[in-house]
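Novice: The sequence and its predicted three-dimensional model are supplied below.
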Amino acid sequence: MKILLILLGVLCICFILVCIISAIENRKLTVTQYCISSYKIPKSFQGCRIVVLADLHNASFGKENEKLLQMIREQKPDYIILAGDMIVGKPGQSTAVPVQLIRKLAEEYPVFYGKGNHELRVGLFPETYGDLWENYLKEIDGYVTWLINDRVKLTRNDDYIWLYGLDIGNRYYKRFRQYPMQPDYLQKVLGPSEKEKFQILIAHNPNYFPEYGEWGADLTLSGHLHGGMVRLPWLGGVVSPMFHFFPKYDKGRYECKDKVMLLSGGLGNHTFKFRVNNLPEILVITLEHTEQEIQ
């Protein structure tokens, strides 16, 4: 009995420590730099810088997100990409935080927005979420370029690259199991890829990275997994929002053949607000023209 009480006490202390560490980490920010090189990146895009934000989930870093904004400004980006889940998809949730952030970003940079599963479901089920989605769209209308199974041409000196935004069906976000993606699905929703040009794909769910690359995405930008919430040395993220333990993709850079995915650890949380060894993350990508394959 005494041993059980000691073990219980130790577990309680560990839990309290984890909560303290998590509370501290949730208020910090880190910047992760990546360089993406490809012969398909035009010379005019040499040194182009892209900031990627994912999974804000209404989080604030400083008053009116001023700390986040300042860290973004320090990166001197040419474009801002929002890789989904800026909002919290729960009935009655406010969207004031992401709206304010997006409006401020749009005053200084072109902002491109791809949907995550939270944007997806509030738009799909108005009977549950009311007018949350409709009002959110109105609040940021004119401030962002939405990429909902659509693309935009980023142009410099008559050269260009493609930026796509993927909005996959709700079944691809089901918990506990991964729904198989049919070989022709991406071509149906995005159209045929222009493989001779450099193509960036905003695809919130990283679990289909091989399919994204097979379709033709040279660089995939994802989020969704929050870095696995708790990260263990050598083992990585512990659990994904889809309740997959030690997921194959959790955070960082991944390669498949000559394709690359950059997976953000995200900025915020929604239901389980734990972050251990997993600071909120801003991704910064520098594009580089080379005569070699993407590296």
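Specialist: Sure, I can see it.

Novice: So which residues of the stretch 101-250 of the chain form helices?
Specialist: Ranges of helices in the stretch 101-250 of the chain, per DSSP state H, counting those that start in this stretch, are 117-124, 126-129, 132-139, 185-190, 209-215.

Novice: TSV please, covering these and showing mean neighbour count, distance to K104 and mean pLDDT.
Specialist: C-beta here means a position set from N, CA and C on the backbone, and glycine is covered the same way. Below are the helices of the stretch 101-250 of the chain laid out as TSV (neighbours: other Cβ atoms under 10 Å; distance: least, Cβ to Cβ, whole Å; pLDDT from 0 to 100):
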stretch	mean neighbour count	distance to K104	mean pLDDT
helix 117-124	20	20	93
helix 126-129	12	25	92
helix 132-139	16	13	95
helix 185-190	17	30	95
helix 209-215	21	30	96
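
Novice: can I get the ones you listed in a markdown table with distance to L68?
Specialist: Listed next are those as a markdown table, based on distance: least, Cβ to Cβ, whole Å:
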| stretch | distance to L68 |
| --- | --- |
| helix 117-124 | 19 |
| helix 126-129 | 26 |
| helix 132-139 | 19 |
| helix 185-190 | 30 |
| helix 209-215 | 27 |
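
Novice: mind checking which of these is nearest R175?
Specialist: The closest of the helices of the stretch 101-250 of the chain to R175 is helix 117-124. By Cβ to Cβ, the value is 10.7 Å.

Novice: State the three-state secondary structure for P77.
Specialist: coil (DSSP: H, G, I helix; E, B strand; the rest coil).

Novice: so it sits right up against L53, yeah?
Specialist: No: look at P77 against L53 with Cβ atoms under 8 Å: they stay out of range, at 10.4 Å.

Novice: Point to the helix or strand of the chain where mean pLDDT is at its lowest.
Specialist: helix 2-25 (a mean of 53; mean pLDDT, DSSP states H and E).

Novice: Just checking: what are the partner strands of the next helix or strand after that helix?
Specialist: Moving toward the C-terminus from helix 2-25, the next helix or strand (DSSP states H and E) is strand 30-38. Note on strand 30-38: by DSSP bridges, its sheet partners are strand 281-289 (parallel).

Novice: rewinding a little: mind checking which of P77 and L53 has more residues around it?
Specialist: Applying other Cβ atoms under 10 Å to P77 and L53 shows that L53 carries more neighbours, namely 28 against 22.

Novice: Could you list which residues are in contact with that one?
Specialist: Counting by Cβ atoms under 8 Å, 6 or more residues apart in numbering, L53 touches 72, 80-83, 86, 264, 267, 282-283.

Novice: And it, its phi and psi?
Specialist: As for L53, its main-chain torsions (degrees, to the nearest 10) stand at phi -120, psi 140.

Novice: Tell me where the protein is predicted with low confidence.
Specialist: 1-27, 228-229, 231, 236-239, 242-243, 270-274, 277, 292-295 (pLDDT under 70).

Novice: circling back to that earlier point, quick one: which of the contacts of L53 sit in helices?
Specialist: I72 (DSSP state H).

Novice: wait, which of the contacts of L53 is closest to F125?
Specialist: The closest of the contacts of L53, once distances to F125 are taken by Cβ to Cβ, is M86, at 18.2 Å.

Novice: quick one: the closest one from Y129, how far?
Specialist: Distance, M86 to Y129, by Cβ to Cβ, to the nearest Å: 15 Å.

Novice: what does L263 give?
Specialist: From L263 to Y129 the distance is 27 Å (Cβ to Cβ).

Novice: Could you pull up the residues touching the closest residue in space to L225 that isn't next to it in sequence?
Specialist: Using Cβ to Cβ, 6 or more residues apart in numbering and skipping residues adjacent in sequence, the residue nearest L225 is S240, 4.7 Å away. Neighbouring residues of S240 by Cβ under 8 Å, 6+ apart: 224-226, 228, 247, 250.

Novice: Closest one of those to V122?
Specialist: The closest of these, once distances to V122 are taken by Cβ to Cβ, is H224, at 15.7 Å.

Novice: Tell me, how many residues neighbour that closest one?
Specialist: Counted with other Cβ under 10 Å, H224 comes out at 25.

Novice: State the phi and psi torsions of it.
Specialist: phi 80, psi -40.

Novice: V88 contacts A59, doesn't it?
Specialist: No: with contact defined as Cβ under 8 Å, V88 does not reach A59; the gap is 9.5 Å.

Novice: Out of the helices of the stretch 101-250 of the chain, which gets nearest to N170?
Specialist: Closest among the helices of the stretch 101-250 of the chain, using Cβ to Cβ: helix 117-124, at 6.2 Å.

Novice: and the closest one, what does it pack onto?
Specialist: Counting contacts by 3 or more Cβ pairs under 8 Å, 6 or more residues apart in numbering; DSSP states H and E, helix 117-124 is packed against helix 132-139.
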